[in-house]
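In: Below are the sequence and a predicted model; questions follow.
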Amino acid sequence: MMLRRATLILVPYLWLLALFLVPFLIVLKISLSDTELSIPPYTPTLDFSAGWQGFKDFLSELDFENFQFLAEDDLYWKAYLSSLKIAVIATFLTLLVGYPIAYGMANAPNHWRPTLMLLIILPFWTSFLIRVYSWMGILSNEGYLNQLLMSMGLISEPLIILNTNIAVYIGIVYTYLPFMILPIYSALERLDASLLEAAEDLGCSRFTAFWLVTIPLSKNGIIAGCFLVFIPTLGEFVIPSLLGGSKTLMIGKVLWEEFFNNRDWPVASAVAVILLLILIVPIVLFQRNEQKQREAEG
Amino acid sequence: MGEKAFEPWNDPNEKPLIQFQNVTKRFGDFTAIDDQSFDIYAQEFFALLGPSGCGKTTLMRMLAGFETPTEGTILLGGQDIAPIPPNKRAVNMMFQSYALFPHLNIWENIAFGLKRDGMAKADIDTRVDEMLKLTRLEQFAKRKPHQCSGGQRQRVALARSLAKAPKLLLLDEPLGALDAKLRQDTQFELMDIQEKTGTTFVIVTHDQEEAMTVASRVAVMDHGRIIQADTPAEIYEAPRSVYVADFIGDVTIISGTATPQGDGYDIAFAEGQPTLHAKTDHSFSNGQACHLAIRPEKVAISADKPEGVANAVQGKILDIAYLGNLSTYHVELPNGQIIKSQTANTRRLSQRPFTWEDDVWLSWTNTAGVLLEG
Amino acid sequence: MRRLTWFNTTALTLGFAFLYLPMVILVIYSFNESKLVTVWAGFSTKWYGELFQNEAFLDAAKVTVKVAVLSSTIATILGTMAAYVLVRAGRFKGRTLFSGMIYAPLVMPEVITGLSLLLLFIGIGLDRGVFTIVLAHATFSMCYVSVVVSSRLVSFDQSLEEAALDLGCSPMQAFRLVTLPIIAPAVISGWLLAFTLSLDDLVIASFTSGPSATTLPIKIFSAVRLGVSPEINALSTIMIAIVAVGVITASLVTKRAALRQQAEERAAVKA
């Protein structure tokens, strides 16, 4: 019985230790190492045969040089800032697009809702890559959008959208929309309709009732949705590399290029460590919001 | 008491506060309210009583403005209220679920409606304090609704809907969520507050005891119609239909045929049973089908045949419902008719005079029952 | 009363148009005759034909499916175990670390997960290929599976297990005969989720794959970087169709089951 319980715990535990925690510690370690033109392309490597002395030598050779490099080269902190800016703006845009949809769903007749829900979830099961790709044909200079606008006579020159930040925003809003809609919808759906009647009864117009009752009571859904969009967007790679241009700086893309194109593993690792440090703040806030919500419901 | 009884519905000079004029409400094919006309007077405590789905909530929601009549008009103080949206009506509602705003504390909940009116800050403070005092919630002002007990929430909902001093307060099953003991206390509190504020209350309930306790008049509803609207005593003592007699309180209904006899009627109800006698203002033709409704507490039970009574029948005790202070005997007559008789348990249980299977006599006066048309 | 006002109707119409138009356009243009993807030149299925001639795509598809099946199966077993540990095993040393490791991969940027796994595989000298992708996918998918399964376990009446033990089951039998059938829907949806995540993944696969194993997303990505291509449109259409059919079938099946249960319950009440 005890043995069985131990096995049950140990198998997933060890798996996660070996394939999640240890790799992450390796990233941390390599971020403190120096670049070297060798295989593996960094130094020092831990020499187990040298015993305790070897470990001490190893430690003494670790330093924060890569982080210093990140701080001095403005490419990196510009990339972090630009990622943050893009993530904040994109999250806000997703909220603007997602809230009315969630609201419409929550107020739709009951028998429609399972279908609407299915329609929101369906894109989520469809390949992310394909969904991003589908916008390339729409937004390119000869793309469907420009064709449409020019045939309508609204513009004479094609709009340059693909390979700009605008395309990145569109891509993020499009792919992350379900993450925004679902938590807001579930908050709105639970909203007791009699609260809105009570607000009207006490003298609110429809709009003030929405502002004073619906918005505050869907606050948790809004917060959850924003985090669910913001957190993955910050490290996003596919969208900026397919829809963004050479000027679109996002840290996920920088990391990728540092690793695959420059083969600078220590710097790539340092970039990853900083990205994670930045992410801790929203993740902790998100956890706290979820916790608070659970307590409020419990 | 010396006071003049409060009976504006009997005063032809009194102007009603609310008038329903041939109001019909349909939802698709379903008729929720079927061509109803009635009046409610200022300062009344008017109860709409009926089983769920009888249309009582629809009536109330039309007063609040959440539904509009399909046909007919509703007048409030002589004015048609159909075009006035709920947020502009001098009517407030206390919701069945209370509908307290969970993100606002008690104080803010009560102040909510006052702020919408653009009342001055100082006046809002005074008014909210007044309401908190009225509902004994002073020390809970800073709490959120989920930190309050059921009874406290109920009082917050009441305070919030009364804060704007509406001409008319609608209460949708206001005590439905409270347990039995608290409900009784709260009934008296409601009556007290209604009297203090002089507001007209319209209450919707499915609990007949509650309606009887609080209301000045009770409207018994069924299938979108008001069957009878009268004072609680009238409703109980003089129901005008079998439905009302059966809906309110415990009753035995004996069906038979009426024959005029003296100043009342003889009622034949079964072969081999004595005819019954009842007085009534109603007139029945000879041989007309009728129902005699008798309340159990008006039926006396005895071992021997009582002398000099208008009605006496013999039967066997089938069941005894012991309620502590009262016992109800279900007595079966030889033809199978069951008549209920209720007596106060003034003696201890062990000394109860009757038990199962005993042959007993039941008797009642000729004014005890109500004779109703079949 | 819930009603569709003009505002709600507009919001829903525009919203769903936004969600579905890009994919509809993609599907339509996959049947375009022309090589120039943005110019319509008549209906044709030739790109589908070319796609099925393309060995590289077919190989990548095979690798992808193999990886997805293997990794999602491992992830489902590990994830279900992890969920059981989280919900039922009570306190043990390192529980906080354990639950942290379950939730962290859900919010970890893919580039970091990919990078860290790659560095591990290099560090221990593991050749990159199908095996390493399977390990990587199983690791992050098991966290999703455990979230799905544990939410089902939480709502599960524990007295059912206790009843089984009381009636003479060993704990293992109780799990197999009582717990598993009840949490089965969650386990199945966990598997499906893990499967789609694996099919979908570009970033982690790019880091952990080697020259011997290229998955479909990697192939698509490198093709797409050069611009829109009719073959990719055809491939996308096939993938969209598979997902659509799968999800709609699944939802119809669940709906039918729910309706049948309702009908049976109603019949039982009447009886």
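Out: Cool, got the structure. Everything quoted here is computed from the prediction, not taken from an experiment.
In: domain assignment for chain C?
Out: Segmentation of chain C into domains, based on automatic domain parsing, reads C:53-227, C:229-271.
In: which of the ones you listed sits most buried?
Out: With neighbours taken as mean count of other Cβ atoms under 10 Å in any protein chain shown, these reach their highest mean count in domain C:53-227, at a mean of 19. Where you see a C-beta, it was placed from the backbone N, CA and C, and this is true even at glycine.
In: Any idea how far apart the tips of that one sit?
Out: Separation of the first and last residues of domain C:53-227 by Cα to Cα, to the nearest Å is 21 Å.
In: try stretch B:260-279
Out: Using Cα to Cα, the gap from the first to the last residue of stretch B:260-279 comes to 10 Å.
In: So what touches it?
Out: Applying Cβ atoms under 8 Å, 6 or more residues apart in numbering or on different chains, the set of residues contacting stretch B:260-279 from outside is B:254-259, B:280, B:284, B:286, B:290, B:292, B:310-313, B:333-335, B:337, B:366-367, B:369-371.
In: next one: stretch B:306-315
Out: Surrounding stretch B:306-315, the residues in contact under the criterion Cβ under 8 Å, 6+ apart are B:273-274, B:276-277, B:300, B:305, B:331-334, B:339, B:359-366, B:368.
In: Which of those are buried, as a PyMOL select command?
Out: In PyMOL, this line selects whichever of the contacts of stretch B:306-315 come out buried by 16 or more other Cβ atoms under 10 Å in any protein chain shown:
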select buried, chain B and resi 273+276+277+300+331+333+339+360+361+362+363+364+366+368
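In: Looking at the contacts of stretch B:306-315, which are in helices?
Out: When DSSP state H defines the helices, the subset of those inside them is empty.
In: For the most centrally placed residue in chain A, give me its contacts.
Out: Most central in chain A under Cα atoms, centre = their mean is residue A:232, positioned 1.2 Å from the mean C-alpha point. Each residue near residue A:232 by Cβ under 8 Å, 6+ apart is listed here: A:176, C:107, C:109.
In: again, but for residue B:180
Out: Contacts were defined as Cβ under 8 Å, 6+ apart; by that measure residue B:180 touches no other residue.
In: Tell me the pLDDT of it.
Out: In this prediction, residue B:180 carries a pLDDT score of 83.
In: So which residues of the stretch 51-200 of chain A form strands?
Out: Per DSSP state E, counting those that start in this stretch, the stretch 51-200 of chain A carries no strands over any range.
In: how close does residue B:132 get to chain C?
Out: 33 Å (Cβ to the nearest Cβ, to the nearest Å).
In: Residue A:251 and residue A:78 touch, don't they?
Out: No: because the distance of 9.9 Å does not satisfy Cβ atoms under 8 Å, residue A:251 is recorded as not touching residue A:78.
In: And the two? Which one has more around it.
Out: With neighbours defined as other Cβ atoms under 10 Å in any protein chain shown, residue A:251 and residue A:78 compare such that residue A:251 has more, 30 against 13.
In: what residues are up against the closest residue to chain A within chain C?
Out: Here chain C gets closest to chain A at one residue, residue C:109, 2.5 Å apart by Cβ to the nearest Cβ. Contacts were defined as Cβ under 8 Å, 6+ apart; by that measure residue C:109 touches A:232, A:234, A:235, A:236, A:252, A:275, A:276, A:279.
In: Now it. Its backbone dihedrals?
Out: Its backbone dihedrals place residue C:109 at phi -60, psi 140, with angles given as degrees, to the nearest 10.
In: who does the strand or helix carrying residue B:343 pair up with?
Out: Residue B:343 belongs to strand B:338-344 when assigned by DSSP states H and E. Paired with strand B:338-344 in the same sheet, following DSSP bridges, are strand B:326-332 (antiparallel).
In: Would you indicate which residues of the strand it pairs with are buried?
Out: With burial defined by 16+ other Cβ under 10 Å, the residues of strand B:326-332 counted as buried are B:327, B:328, B:329, B:330, B:331.
In: what distance separates it from the middle of the whole chain?
Out: In terms of Cα atoms, centre = their mean, to the nearest Å, the gap separating the centre of strand B:326-332 from the centre of its chain is 25 Å.
In: what sits up against it?
Out: Contact with strand B:326-332 is made by B:250, B:296, B:301, B:315-321, B:338-345, B:352, B:354, B:360, B:362, as judged by Cβ under 8 Å, 6+ apart.
In: Try it again at 7 Å.
Out: B:296, B:301, B:315-321, B:338-345, B:354, B:360, B:362 (Cβ atoms under 7 Å, 6 or more residues apart in numbering or on different chains).
In: Derive a ChimeraX selection command for the buried subset of those.
Out: For the buried members of the contacts of strand B:326-332, the matching ChimeraX selection, counting by 16+ other Cβ under 10 Å, is:
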select /B:296,301,315,317,339,340,341,342,343,354,360,362
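In: Using TSV, lay out the contacts of residue C:109 together with secondary structure and pLDDT.
Out: Supplementary listing: these in TSV, determined by DSSP: H, G, I helix; E, B strand; the rest coil; pLDDT from 0 to 100:
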residue	secondary structure	pLDDT
A:232	helix	91
A:234	helix	92
A:235	coil	90
A:236	coil	92
A:252	helix	90
A:275	helix	90
A:276	helix	89
A:279	helix	89
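In: For residue 7, what is the enclosing helix or strand?
Out: No chain was given, so I picked chain A. With the criterion set as DSSP H and E, the secondary-structure element containing residue A:7 is helix A:2-16.
In: Let me rephrase: I mean chain C.
Out: Following DSSP H and E, the helix or strand that holds residue C:7 is helix C:6-29.
In: Does that helix reach chain A?
Out: Yes: using Cβ under 7 Å from any Cβ of the partner chain, we find that helix C:6-29 touches chain A at C:8, C:11, C:12, C:15, C:16, C:19, C:22, C:23, C:25, C:26, C:29.
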